[in-house]
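J.: no FASTA, just this:
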């Protein structure tokens, strides 16, 4: 490839990265990070749970502001376009036996090809870089982590051994928690746990590399369990963050982190109290379900304090005026973008009908393609009707209008919630007051259970 073509390809890669990362930030506007300062200098192997397909490594790269290579199934490299895209984002191919014979899959050389990929990972770590791996081996929506494979531990130990055990390579556990991974404009929390120095396993590796890999894998599992929220069933895992909202004031800044911290405490207390007093937990769970149903019937996420009605009414007026002024541009953005964007949802369910772990990835990529094609077609039609200049002006202005439509919709939804809130305050004061009292009673019962569950730990610490 000539220098000119190489430069053009590199520019294309940079533009593609910025476009995709920008779209991910648009899809998940709040990416909170906790523990970023724990990442050590030198080579670091980031090991995370894997709930959301190809979105997971991108979220880690964006949130941690870290250039990291990651592994992706080899079939994604099965054509020139796929290879170019995967390499743009630092992906390395991993070959699976179930993909044998497929384009990009192994052709009877799986072991050798994977060893080549693992060699690249070891080289990146020894050069002081970062590699992101998902030791469960697959993406999934289970409420508990799958058993870990030992490949990550072997890569980390092999890198240290090749470098002569300088003690500069660490394994860092990372927990990914999506507020609602398939919902547009939802939030993500990244939790970095305490890193593990791979050099600690030098003696065990010298005695038996396989035993050392098993020991490090168990250590990795313990470290991941400390940062990944898990529960025995889906209903419990879904309810715990909601309960955390009810019993503790959560600040808007760092809200996901506060909710995560409370959820972690609640899950630990729930497990202990369910063993100690299962009847009490059943009664408390029934009370919580009844309370949630009452909120749902009233249309409330949680009871609120009245605040100053007059001040809120002035704010409502200003917000309404802002929405009126921007309505024409927002409407233009909606009409030119929303119909093509909506194609992404049925397309995603058609491509991955039963795989929730890949829906966000497919929706994001297909939405980007459908919207882009739609804008180009619309610009051509405008150019044919009004002249080429108007077509170019349309193409230049439609992304801004689309963004304004997005912001307008969010602000309108927030305004509707404020208006509905004050309507309920005016016409359902007694009911809201009873719900608030009920929430306070439930909060006391839950906090009592948490304190009782945590008491033995505190006594042992003393």
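T.: Arrived safely. Nothing here was measured: the structure is a model prediction, and the numbers come from that model.
J.: what about residue 32, helix or strand, and which?
T.: Assessed by DSSP states H and E, residue 32 sits inside strand 30-34.
J.: next helix or strand past the longest helix anywhere in the chain?
T.: Counting residues, the longest helix found in the chain (DSSP state H) is helix 388-427. If you walk from helix 388-427 toward the C-terminus, the next helix or strand you reach (DSSP H and E) is helix 429-461.
J.: quick one on the thing from earlier: partner strands of the strand holding residue 32, parallel or antiparallel?
T.: strand 187-192 (parallel) (DSSP bridges).
J.: tell me the average confidence for the helix or strand that comes right after the partner strand?
T.: The element immediately downstream of strand 187-192 (helix or strand, assigned by DSSP H and E) is strand 196-197. The average pLDDT within strand 196-197 is 96.
J.: after strand 196-197 comes which helix or strand?
T.: Where DSSP H and E defines the elements, the next helix or strand beyond strand 196-197 is helix 202-207.
J.: other SSEs contacting whatever helix or strand comes next after that following helix?
T.: The helix or strand immediately downstream of helix 202-207 is helix 209-225, counting by DSSP H and E. If you count contacts as 3 or more C-beta pairs under 8 Å, 6 or more residues apart in numbering; DSSP states H and E, helix 209-225 packs onto strand 44-48, helix 151-162, strand 170-178, strand 196-197, helix 202-207. In this view, the C-beta of every residue, glycine as well, is placed from N, C-alpha and C.
J.: may I see the buried residues of the second one?
T.: In terms of neighbour count (16 or more other C-beta atoms under 10 Å), helix 151-162 has its buried residues at 151, 152, 153, 154, 155, 156, 157, 158, 159, 160, 161.
J.: ok, so of the residues you listed, who is nearest residue 201?
T.: Distance to residue 201, by C-beta to C-beta, is smallest for residue 157 among the buried residues of helix 151-162, at 6.2 Å.
J.: identify the residues contacting the closest one.
T.: 198, 201, 205, 209, 212, 213, 216 (C-beta atoms under 8 Å, 6 or more residues apart in numbering).
J.: residue 134 too?
T.: By C-beta under 8 Å, 6+ apart, the neighbours of residue 134 are 47, 48, 49, 50, 56, 71.
J.: between those, which is nearest residue 377?
T.: Distances from residue 377 to these, taken by C-beta to C-beta, are shortest for residue 56, at 32.9 Å.
J.: now do that closest one, the pLDDT please.
T.: So, for residue 56, pLDDT stands at 93.
J.: list the contacts of stretch 368-386.
T.: 19-20, 23, 336-337, 339-341, 343-344, 347, 390-392, 394-395, 398-399, 402.
J.: mind doing that once more with 10 Å?
T.: Stretch 368-386 is contacted by residues 19-20, 22-23, 26, 335-344, 347, 388-399, 402 when judged by C-beta atoms under 10 Å, 6 or more residues apart in numbering.
J.: try stretch 436-452
T.: 243-244, 246-248, 262, 265-266, 268-270, 272-273, 276-277, 280-281, 283-284, 287-288, 290-291, 294-295, 302-305, 458.
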